[in-house]
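> output the structure for:
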Amino acid sequence: MAHVSLTPESFSALQEKVKRDPETYREEVLQLKAHFDSELEILKISPPSDVRGISALIYFLGQVGPCFKKEFAAFPDQIEGLLLNAENLHSDLRTSLVRSMILMHNRKMISSLRVFPLFFQLFRCPDRPLRALLEGHLIADIRRLNLQGRDQKLNRSLQNFVFKMLNDPNPIAVRRSVHVMITLFRKNIWADQRTADVLARACLSGVAKVRQAALRFFLGVDEATEDEEEDEEEEISRSELHNLRRKGVVSSTKRRRKLERARQMLEHAQKMREKKATVPTSRAILLLSDPDGFAERLFSQLQKTVLPYVVRLLHMDLISRLISAHQLFILNFYPYLMRYIRPAQSRVTLILAVTCQSVHDMVPPDVISPLLRHIANEFVRVHRPEVTAAGINAIRQIAYRCPLAMTPELLAELADFKREKDKGVMMASRALIQLFRAVNPHLLPRKERGKYTDMSVAPLAYGQQHVATGVEGVELLAQNEGAELPSDDSDWETEEEWFEPKSDNDSDDSDDDGTADDKPDSTTTDTTTTTTGGKGEGEGEAVKGECGSNSDEEEEDGDEEGEGDGEGDDAMSVVSTSQPQSTAPRIDLLRPLTDLEFERLDRLKKRATLEQLAGTKRSRAMMNAPDLTEAIDPDDIEGYRKPERLTAAQKKTIAASKEKYVHHRKEKKGNSTTNEVKAKAKPLMQVLHSRKMRSKRNRTMKERQVRNRKHQERMRKNKRMKAHRRTS
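All right, here's what the predicted structure looks like:
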């Protein structure tokens, strides 16, 4: 039996040979295994100072262990026993033990239920490279195990273990464990209710880094998950950038531009790869099992705990999204926000956006009305255009979500700003007027209601909801029976005949009430049918409700309002004339619809939408209404902002800071280039056929030798002169 040296080079050479022919090298491998057993006993007594040999031996045995499963049956237990006391070991030895364990786990010598909890516990080690190695392996391996099918037993046990890790006294281990769960959720591996609940508990953690990471996850803010002592690193391949730098020896501006462009391409490619397999974090908010209790605990933590201002903003943003997504009632949250709603507050546009998205139609209007008055007092009645525009935009967003909170006096005051000289204030005021023309025109002053406003429109009473009684827009099938429709979605953009008025009379009718033969209204008729809360309506009364009014009382109110200005009568006359056209029985009440009918109905809805978009500005404004499920951008609250004009001094400063462009051939003014520089710019064929090149080609062998000898003598002479200058 030959002697085997304990060096990394000898192990790498022996490793390849063992994998090719294990039986031939059985004795050498068993000898090394016995040597490891003796070293293991020494490690238990006193760890050595030089661990390079034992580290290489452990990694080698992990590589060749699967070839001798019977002899290495106890080897995983030995490695696991060492890792349980990993905090007392050398860093290189810990890394070799973990890599050996990963190799054996990949070759199924040890189960995942033993490896993963052990790796989560190793996050406690004060070893940054080791934690990065463990985190990458955990994410990649759990993802690999769930590619073919969900391993519910493994996922449930790991989730339970991570749930216990949130109470670990080591903050770094808690943070790494939370980051693993966040990454697995975004990659759609652990995107379930249990993971969302665990991460919700992390938002209430006592560790600041863990709390902020969980809050940013629910808000969809990307965060670099490094340890608290680490700096953020670029998420690109260092080896690729290194190869790019080594391509050219000479450093130049062109090389730097190529390197920067390549770096941007790598970053973009990596972001696109990560984006393909990610899950929107808004889904985590919807998956919470107890959103009401979670929001209450967050608000209690916000009130009782002294937090940095940035963290308080994260709390307020998440609470508002929970309120909006789950229609929660946290009435004390709105007076709390009023403390921060003032123009001098830092990041006040974000606070206004948080306030707007925390309002929904189920919040009592009595709670929202003081909030609107507070915004008007602090922002609108201030003689600063950008502040006034932000206040009006915030009031518009709140009024869109809860129109019953608006009062006629406040709306009349805000409507007067449409004549302001500042464009941002004027646009904000006109947007608010357009909103109430479509939502509740009765609140507007008579002069602001517009010519074609449908005065029969009125918001639902508090607590009243739309209830669907059938398939939405099903009457479009009866109205367009026998009509040929485009078969492809791309044809809708080219077929102008679908949304052009068919005649002058039809165009007049569509201008009167903002619709075209009630076709746009038909897309929402089923939801407006039972808005009065169940008064025993039959089929005929349900069809009657499709014509635009919510109840008989609202029709009478619309007539009374329309008598003063003559606009409501026209609108109601159009509605009354269109009622006999909808007396046919509904198809969905007689029989089930087929797949072809559903497909045809989708195309008819798109046709009605295009007709509505081609109508008045008011209909287009309603089509572009904000999405209540999405977060509000603070830039939308700020609105239009006129670019500031630069003064003469600022322009001079900017011009002086810019580097003056100088052509590389004309660095000195008044001097031309040399003939050598000009010769380099000549075309190649012109240079090849020059007199100098022809004379070179026609030289004899003796002439070439003479010129070469003279050149060598000249070079030696120059070399001696340079050496003489150095010594002198």
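
> how near is Arg26 to Phe68?
Remark: distance between Arg26 and Phe68 (C-beta to C-beta, to the nearest Å) = 7 Å. Quick note: C-beta positions are derived from backbone N, CA and C, even for glycine.

> so which of those two has more stuff around it?
Phe68 (19 against 14; other C-beta atoms under 10 Å).

> please name the nearest non-neighbouring residue to that one.
Val29 (6.3 Å; C-beta to C-beta, 6 or more residues apart in numbering).

> the one you found: neighbour count?
Neighbours around Val29, by other C-beta under 10 Å: 22.

> for it, give me the pLDDT.
Per-residue confidence (pLDDT) for Val29: 84.

> helices and strands around the host helix or strand of it, which ones?
Applying DSSP states H and E as the criterion places Val29 in helix 26-45. Under the contact criterion of 3 or more C-beta pairs under 8 Å, 6 or more residues apart in numbering; DSSP states H and E, helix 26-45 touches helix 8-20, helix 52-64, helix 75-84.

> any idea of the angle that helix forms with helix 8-20?
130 degrees (axes from the mean of the first three to the mean of the last three C-alpha atoms, to 10 degrees).

> which residues in this structure form strands?
For the chain, no strands are identified by DSSP state E.

> spatially central residue in it, please.
Gly220 (5.8 Å; C-alpha atoms, centre = their mean).

> test my guess that that one contacts Arg283.
No: assessed by C-beta atoms under 8 Å, Gly220 is found out of contact with Arg283, at 10.3 Å.

> name the nearest residue to Glu39, ignoring sequence neighbours.
In space, and not counting its chain neighbours, Glu39 is closest to Ile54: 5.3 Å by C-beta to C-beta, 6+ apart.

> any idea how far Glu16 is from that neighbour?
Taking C-beta to C-beta, one finds Ile54 at 21 Å from Glu16.

> kindly report the same for Ile189.
Note on Ile189: its distance to Glu16, by C-beta to C-beta, is 35 Å.

> who has more neighbours, those two?
Using other C-beta under 10 Å as the criterion, Ile189 and Glu16 rank with Ile189 on top: 22 against 9.

> does that one touch Arg143 like I think?
Yes: if you go by C-beta under 8 Å, Ile189 and Arg143 touch, sitting 5.4 Å apart.

> identify the contacts common to these two.
Counting by C-beta atoms under 8 Å, 6 or more residues apart in numbering, Ile189 and Arg143 have no contacts in common.

> quick one: residues contacting Leu133.
By C-beta under 8 Å, 6+ apart, Leu133 lies in contact with 95, 98-99.

> scan the residues you listed and report the most crowded one.
When neighbours are taken as other C-beta under 10 Å, the top entry among the contacts of Leu133 is Val98 (24 neighbours).

> from what I see, that one and Leu130 are in contact.
Yes: between Val98 and Leu130 a contact is recorded at 6.5 Å, counting by C-beta under 8 Å.

> list residues touching both of these two?
Common contacts of Val98 and Leu130 (C-beta under 8 Å, 6+ apart): Leu122.

> helices along the stretch 301-450 of the chain, start to end?
Listed in chain order, the helices of the stretch 301-450 of the chain (DSSP state H, counting those that start in this stretch) span 309-326, 333-338, 348-357, 365-375, 385-401, 408-415, 423-439.

> turn these into JSON lines, including mean neighbour count.
Converted to JSON lines, the helices of the stretch 301-450 of the chain look like this (neighbours: other C-beta atoms under 10 Å):
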{"stretch": "helix 309-326", "mean neighbour count": "20"}
{"stretch": "helix 333-338", "mean neighbour count": "17"}
{"stretch": "helix 348-357", "mean neighbour count": "24"}
{"stretch": "helix 365-375", "mean neighbour count": "18"}
{"stretch": "helix 385-401", "mean neighbour count": "24"}
{"stretch": "helix 408-415", "mean neighbour count": "17"}
{"stretch": "helix 423-439", "mean neighbour count": "20"}
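
> ok, which of those comes nearest Ala214?
Closest of these to Ala214 is helix 309-326, at 9.3 Å (criterion: C-beta to C-beta).

> run the angle between that closest one and helix 385-401 for me.
Here the directions of helix 309-326 and helix 385-401 differ by 30 degrees (the same axes, to 10 degrees).

> and for helix 309-326, what's in contact with it?
Contacts of helix 309-326 (C-beta under 8 Å, 6+ apart): 203, 208, 211-212, 215-216, 218-219, 282, 285-286, 288, 291-292, 294-295, 298-299, 301-302, 307, 328, 330, 333, 337, 340, 346-347, 350-351, 354-355, 357-360, 628-629, 631.

> put the buried members of those into a PyMOL selection.
Buried residues among the contacts of helix 309-326 (16 or more other C-beta atoms under 10 Å), as a PyMOL selection:
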select buried, resi 203+211+212+215+216+218+219+282+285+288+291+294+295+298+299+302+307+328+330+333+337+340+350+351+354+355+357+358+359+360+631
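
> isn't Ile142 up against Leu158?
Yes: if you go by C-beta under 8 Å, Ile142 and Leu158 touch, sitting 7.2 Å apart.

> need the residues touching each of these two.
Common neighbours of Ile142 and Leu158 (C-beta under 8 Å, 6+ apart) are Phe116.

> with distance to Thr727 and pLDDT added, can I get the contacts of Leu133 in TSV?
Output for these, formatted as TSV (distance: C-beta to C-beta, whole Å; pLDDT from 0 to 100):
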residue	distance to Thr727	pLDDT
Thr95	53	88
Val98	59	89
Arg99	56	89
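
> just those residues: which are in helices?
Applying DSSP state H to those, the entries found in helices are 95, 98-99.

> how near is the nearest residue to Asn332 once chain neighbours are set aside to Lys258?
Excluding its sequence neighbours, the residue lying closest to Asn332 (C-beta to C-beta, 6+ apart) is Phe299, at 7.3 Å. Noted for Phe299: a distance of 53 Å to Lys258, by C-beta to C-beta.

> again, but for Met109
47 Å.

> out of these two, which sits in the busier spot?
Met109 (17 against 14).

> rounded mean pLDDT for the longest helix along the chain, please.
What stands out as the longest helix in the chain, according to DSSP H, is helix 701-727. Per-residue pLDDT over helix 701-727 has a mean of 89.

> other SSEs contacting it?
Counting by 3+ C-beta pairs under 8 Å, 6+ apart, helix 701-727 packs on no helix or strand.

> and that helix, how far out from the chain's middle?
68 Å (C-alpha atoms, centre = their mean, to the nearest Å).

> with stretch 404-420 instead?
The chain centre lies 36 Å from the centre of stretch 404-420; the measure is C-alpha atoms, centre = their mean.

> from Arg591, how far out is Gln303?
57 Å.

> likewise for Lys19?
From Lys19 over to Arg591 (counting by C-beta to C-beta), the distance is 70 Å.

> how about Arg94?
Taking C-beta to C-beta, one finds Arg94 at 71 Å from Arg591.

> now Leu601
To Arg591, Leu601 is 14 Å away according to C-beta to C-beta.

> who has more neighbours out of those two?
Higher neighbour count among Leu601 and Arg591: Leu601, with 20 against 8, using other C-beta under 10 Å.
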